[in-house]
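How does the following fold in three dimensions:
(one chain, ligands or ions: 1)
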Amino acid sequence: MFSLETFDIKLNTEFIGRHFIYSEEVECTNTILLDKENKYNSNGTVFYTEKQLKGRGRKNRPWYSVKELNLTFSILLTGKKYITKNPVLLNFVASLAVGVSLENLYQLKVDLKWPNDVLVSKKKICGILIESTSEGSKIDRLVVGIGINVNQAAFQGSFNYPPTSVKLELNESVERERLLAEILNNFEELLLIFIENPGSILKDWKQRCYMIGDKISITEGEDVKYGIFEDVDENGFLLLKDNNNKIEKIHCGDLSLR
Ligand code: BTN
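Residues are numbered from 1 along each chain as shown. Below you'll find the predicted structure:
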């Protein structure tokens with residue numbers, strides 16, 4: 001059972017998670033916060049569930065998580081100051097917050113994979129899905145959905161990237177309440193830094209992205225591109241260098257090492 005009291009004691013934030021909704025079971029935490037009809041408007045609201053029936057990932061892939069073993073939640077950003085023109089960059093804030101938390105609490109060596117995965121031992125431990133709604137041409141709410149494999153020890157099905165969990169890496173179960181509070185504490189801190197100085201977030205993110213400099217392929221539907229992972233630019237685009245040293249900006253796609 002997730003203890004709200006244990007979580008609350010460890011939460012040090014000003015606004016992230018101060019409005020916290022706990023649910024036993026829901027279709028999808030992102031959908032709940034995106035839907036204005038649900039009237040969750042407060043900046044920093046966190047919707048947490050023990051079980052998602054229709055969890056989704058990037059490209060509408062399913063996101064499965066065994067009930068009561070992991071962390072499945074979404075963070076709502078509605079404040080003008082937090083709605084950036086380029087929401088892609090929030091992927092870096094969120095994945096860095098998860099990565100730093102796993103390092104701080106369990107001394108795990110994390111590898112951040114462009115654009116938004118957190119890997120440990122070359123396996124996926126966390127997925128992030130950022131979605132938004134707009135009023136006219138302006139984004140009015142951003143939802144940062146985060147799924148972390150915490151105490152799940154076995155994974156069934158076929159995966160784009162092999163999964164792991166904190167338990168599999170440490171050989172023991174950990175307190176999910178403490179990890180969630182740590183992630184929200186770090187997310188708020190990094191979000192505030194990001195608003196003032198997005199470059200410093202990208203710098204910290206890049207320090208944990210071990211694929212920079214490697215030969216990679218990027219798959220987007222039927223299209224596969226090959227080259228060297230040169231860098232990530234200030235807008236979060238991956239810079240791919242081809243055989244002729246020509247740089248192409250990549251906006252999205254699945255990255256693999258070659
Ligand atoms: C990915 O790896 O493609 C992203 C996975 C994102 C999963 C989280 S779990 C909480 C939120 N609700 C969802 O349905 N998806 C995100």
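
For Ile155, which non-adjacent residue is spatially closest?
Let me fix one detail, which is that residue 155 is Phe and not Ile. Nearest non-adjacent residue to Phe155, counting by Cβ to Cβ, 6 or more residues apart in numbering: Pro163, 4.6 Å away. All C-beta atoms are positioned from the backbone trio N, CA, C, and that covers glycine.

how about the CA coordinates for stretch 153-172, as CSV?
In CSV, the C-alpha atoms belonging to stretch 153-172 read as follows (Å, rounded to 0.1, in the frame of the first residue of the first chain):
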residue,chain,number,x,y,z
ALA,A,153,10.8,-7.9,-10.8
ALA,A,154,9.5,-9.6,-13.9
PHE,A,155,8.3,-8.2,-17.3
GLN,A,156,6.3,-9.9,-19.9
GLY,A,157,5.7,-9.0,-23.5
SER,A,158,7.8,-7.6,-26.2
PHE,A,159,9.6,-4.3,-25.7
ASN,A,160,11.2,-1.8,-27.9
TYR,A,161,13.9,-1.5,-25.3
PRO,A,162,14.5,-4.2,-22.6
PRO,A,163,13.0,-3.1,-19.2
THR,A,164,14.6,-3.1,-15.8
SER,A,165,13.5,-1.8,-12.4
VAL,A,166,15.1,-0.4,-9.2
LYS,A,167,14.4,-3.8,-7.6
LEU,A,168,16.2,-5.7,-10.3
GLU,A,169,19.2,-3.4,-10.2
LEU,A,170,19.5,-3.4,-6.4
ASN,A,171,18.2,-6.9,-5.6
GLU,A,172,15.8,-5.4,-3.0
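
So for it, what gets flagged as buried?
Phe155, Pro163, Thr164, Ser165, Val166, Lys167, Leu168, Glu169 (16 or more other Cβ atoms under 10 Å).

need those residues in CSV with pLDDT and distance to Trp114, can you?
Listed next are these as CSV, based on pLDDT from 0 to 100; distance: Cβ to Cβ, whole Å:
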residue, pLDDT, distance to Trp114
Phe155, 95, 23
Pro163, 97, 18
Thr164, 98, 19
Ser165, 98, 22
Val166, 98, 22
Lys167, 98, 26
Leu168, 98, 24
Glu169, 98, 22
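
Go through the residues you listed and flag which are in helices.
Val166, Lys167, Leu168, Glu169 (DSSP state H).

tell me which of these is nearest to Gly221?
Set against Gly221, the nearest of those by Cβ to Cβ is Leu168 (31.7 Å).

What separation do you get for the closest one and Val100?
Distance check for Leu168 against Val100: by Cβ to Cβ, to the nearest Å, it reads 20 Å.

Enumerate every residue touching the residue lying closest to His251 once chain neighbours are set aside.
The shortest distance from His251 to any non-neighbouring residue, by Cβ to Cβ, 6+ apart, is to Phe237 (5.9 Å). By Cβ atoms under 8 Å, 6 or more residues apart in numbering, Phe237 lies in contact with Lys249, Ile250, His251.

okay, Phe237: pLDDT?
In this model, Phe237 is scored at 96, pLDDT.

So what pairs up with the residue nearest to Leu4 when sequence neighbours are not counted in the strands?
Nearest non-adjacent residue to Leu4, counting by Cβ to Cβ, 6+ apart: Tyr22, 6.1 Å away. Per DSSP bridges, the residues bridged to Tyr22 are Tyr48.

Hmm, Phe2 and Tyr22 touching each other?
Yes - Tyr22 lies in contact with Phe2 (Cβ atoms under 8 Å); the separation is 7.0 Å.

Between those two, tell me which one has more neighbours.
Phe2 (16 against 13; other Cβ atoms under 10 Å).

Just the local confidence number for the more buried one, please.
The per-residue pLDDT reported for Phe2 equals 96.

One more: Asn60?
89.

before we move on, the earlier item: where do the contact lists of Tyr22 and Phe2 overlap?
Contacts common to Tyr22 and Phe2, judged by Cβ under 8 Å, 6+ apart, are Tyr48.

Right, I'll call it a day here.
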